[in-house]
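Have a look at this prediction, sequence included:
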Amino acid sequence: ELKVEQNPLFLSMQEGKNYTIYCNYSTTSDRLYWYRQDPGKSLESLFVLLSNGAVKQEGRLMASLDTKARLSTLHITAAVHDLSATYFCAAQRAEANSKLTFGKGITLSVRP
Amino acid sequence: EAQVTQNPRYLITVTGKKLTVTCSQNMNHEYMSWYRQDPGLGLRQIYYSMNVEVTDKGDVPEGYKVSRKEKRNFPLILESPSPNQTSLYFCATGGAQYGYTFGSGTRLTVV
């Protein structure tokens, strides 16, 4: 059974500093997705990582995937308050449209 | 604009009263699915559909039904809701290449 772990569950960040959060998964998965969720809102797709070594960047966020280590990282550059939200990763096996298995999410709070 | 539309956004109901949460997508995707989100448990898949008339159980299907008579619609049916089905529900559609788009959510309370 595929399991996805995100640690810690909550992270307090200081504005302007860099941080990295991690997503580990338990069995072979070829695809990894990152989502952002604001309180009371839906999930917003951030990154789709489909192969080993994939790296995607959008603004202050950069995500990468290492399928051999079963690890994805989300790097935050110079954190700003607007990045405060809960971030979920979801892993998916290679079969077409197999289910997304989500981690429990990491709530990021950026303080001045 | 590409959209996944869920209705209603909020619903309070009583135990045992049948209800349907609708989901409609205009993205022409074959794949659609339902998830529930609960504090401390994250998102868990309820049912999914690979195409019209093709549906299958996810991780937590008990107490739910779905149907897929048309490509764009994938309603979630609770025949006899119980308090443990109080949750935030999301419909999703998409595919591996471009990712999955989630609806705005339905917050269901069963009293």
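Yep, it's here. Residues are numbered from 1 along each chain as shown, chains lettered A, B, ... in the order given.

Please count neighbours and contacts with C-alpha atoms only from this point.
Fine.

Do a quick rundown of the helices in chain B.
Under the criterion DSSP state H, chain B carries no helices.

any idea which residue sits dead centre in it?
Central residue of chain B (Cα atoms, centre = their mean): B:W34, 3.3 Å from the mean position.

where does the nearest residue to that residue once chain neighbours are set aside land on pLDDT?
Spatial nearest neighbour of B:W34, excluding adjacent residues (Cα to Cα, 6 or more residues apart in numbering or on different chains): B:C91 at 4.5 Å. The predicted structure scores B:C91 at 97 on the pLDDT scale.

repeat for A:A94
Per-residue pLDDT puts A:A94 at 76.

That one against A:D30, yeah?
Yes - because the distance of 5.5 Å satisfies Cα atoms under 8 Å, A:A94 is recorded as touching A:D30.

and those two? which has more neighbours close in?
For A:A94 and A:D30, the more surrounded residue by other Cα atoms under 10 Å in any protein chain shown is A:D30, and the numbers stand at 19 against 13.

if I look at that one, how far off is chain B?
Applying Cα to the nearest Cα, to the nearest Å, one obtains 10 Å for the distance of A:D30 from chain B.

B:G42 versus that residue, what's the distance?
Applying Cα to Cα, to the nearest Å, one obtains 21 Å for the distance of A:D30 from B:G42.

hmm, back to that, number of residues surrounding the residue nearest to B:W34?
When neighbours are counted by other Cα under 10 Å, B:C91 registers 32.

my read: it touches B:V21, true?
No - in this structure, B:C91 is not within contact of B:V21 by Cα under 8 Å, at 9.5 Å.

Quick check: neighbours shared by these two?
With contacts taken as Cα atoms under 8 Å, 6 or more residues apart in numbering or on different chains, the residues that reach both B:C91 and B:V21 are B:Q6.

which residues does the residue of chain A positioned farthest from its centre contact?
Here chain A reaches farthest from its C-alpha mean at A:P112, the gap being 23.0 Å by Cα atoms, centre = their mean. With contacts defined as Cα under 8 Å, 6+ apart, A:P112 is in contact with A:14-15, A:81.

Which single one of those is nearest to B:Y64?
Top of the list for closeness to B:Y64, among the contacts of A:P112 and by Cα to Cα, is A:H81 at 39.3 Å.

And the closest one, what's its pLDDT?
For A:H81, the pLDDT comes out at 96.

Where does the nearest residue to it once chain neighbours are set aside sit: helix, strand or coil?
Once flanking residues are discounted, A:H81 sits nearest to A:V110: 5.0 Å by Cα to Cα, 6+ apart. For A:V110, the secondary-structure state derived from DSSP: H, G, I helix; E, B strand; the rest coil is strand.

returning to what we had before: any idea how far the residue farthest from the centre of chain A is from A:L43?
For A:P112, the distance to A:L43 - Cα to Cα - is 26 Å.
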